[in-house]
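Enquirer: with the input below, show me the fold.
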Amino acid sequence: MYVVLFAALTFISTMLGGLFALRNRDRLHWILGFTAGVLLGVVAFDLLPEIFKLIQSTGIDSVVPMVALVAGFLIFHVVEKLTVIHSVHEDEYVPGHRHPNVGLVSALALAAHSFFDGVGIGLAFQVNPAVGVAVALAVISHDFADGLNTVTLMLSHRNTPKRALLLLALDAIAPVLGVASTLFFHLSSEQLLVYLGFFAGFLLYIGASDILPQAHAKHPSRVTMVLTFAGALLIFLVTRATF
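Expert: Numbers count the residues shown, from 1 in each chain. You can find the predicted model right below:
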């Protein structure tokens, strides 16, 4: 029941982010700051403690999930650079060289990334409901930024608003399909341990190297920093609750 609810919320969050990009970006830095705190909180207060528990119960060498964490961080860094996901931010400093197909390819890359966000939610619920809820909250927060980036990428590369909305819809449905895909396979405890390490690295990269720099790029403020702390505190409280 939980997984269906959170799958629907990923769709809503992505759509709201895209619509926000079409209308108003004045307070975007606040939202991104809060999102970065949420992602950091999920890694520190949920995924890493769960990794330590699984290490004790499975007897697997602790180096294995840590290698997976570094791999998740670095692989997403490489993929992001190769698929021009950051082109929306680069355009702010290097005008010109804009083409509709560049925006389309980058938006499709974001949709693929959103699909694996959904897979992450589904696999987290295979670990246990508490981990599932914490990961889902992180993905839902991040999906708002994904929806915003999808629309911004399309428009900044001279695509029409109609085309931007079509790609936004694809990005919004992608995590739902990702969640649904996990209903057809299950991972062993050892495989889940590697997944948790990989996903922790993935979230750590998004929060620290992508979203947080965006939050402070043009509108550095104390409010943004406070909201980052608030996002991490929210996840701390969520992970202390009983589901």
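
Enquirer: leaving out chain neighbours, which residue sits closest to Ile173?
Expert: Phe11 (6.5 Å; CB to CB, 6 or more residues apart in numbering). No exception for glycine: its C-beta is placed from N, CA and C like everyone else's.

Enquirer: in the helix or strand containing the one you found, what counts as buried?
Expert: Phe11 is part of helix 2-23, with elements assigned from DSSP states H and E. Neighbour-count burial for helix 2-23 flags 3, 6-7, 9-11, 13-15, 17-18, 20-21 (criterion: 16 or more other CB atoms under 10 Å).

Enquirer: ok, so of those residues, who is nearest Leu54?
Expert: Comparing those against Leu54 with CB to CB places Val3 closest, at 20.0 Å.

Enquirer: quick one on the thing from earlier: so the residue nearest to Ile173 makes contact with Asp171?
Expert: No - contact between Phe11 and Asp171 fails when scored by CB atoms under 8 Å: they sit 9.6 Å apart.

Enquirer: next one: the most centrally placed residue in the chain relative to Gly41, how far apart?
Expert: If you average the C-alpha coordinates of the chain and look for the closest C-alpha using CA atoms, centre = their mean, you land on His142, 4.1 Å from that point. His142 sits at a distance of 12 Å from Gly41 (criterion: CB to CB, to the nearest Å).

Enquirer: what do you get for Ile121?
Expert: If you measure Ile121 against Gly41 using CB to CB, the figure is 16 Å.

Enquirer: what of Asp171?
Expert: In this structure, Asp171 and Gly41 are separated by 24 Å, where distance is defined by CB to CB.

Enquirer: go on, Ser141?
Expert: Note on Ser141: its distance to Gly41, by CB to CB, is 10 Å.

Enquirer: okay, these two: which has more neighbours?
Expert: Using other CB atoms under 10 Å as the criterion, Ser141 and Gly41 rank with Gly41 on top: 29 against 26.

Enquirer: name the nearest residue to that one, ignoring sequence neighbours.
Expert: The shortest distance from Gly41 to any residue other than its chain neighbours is 2.9 Å, reached at Ile235 (CB to CB, 6+ apart).

Enquirer: that neighbour: how many residues sit nearby?
Expert: Once other CB under 10 Å is used to define contacts, Ile235 is seen to have 23 neighbours.

Enquirer: which strands and helices sit next to the helix or strand containing it?
Expert: For Ile235, the enclosing helix or strand under DSSP H and E is helix 222-240. Contacting helix 222-240 under the criterion 3 or more CB pairs under 8 Å, 6 or more residues apart in numbering; DSSP states H and E are the following elements: helix 28-42, helix 129-156, helix 212-217.
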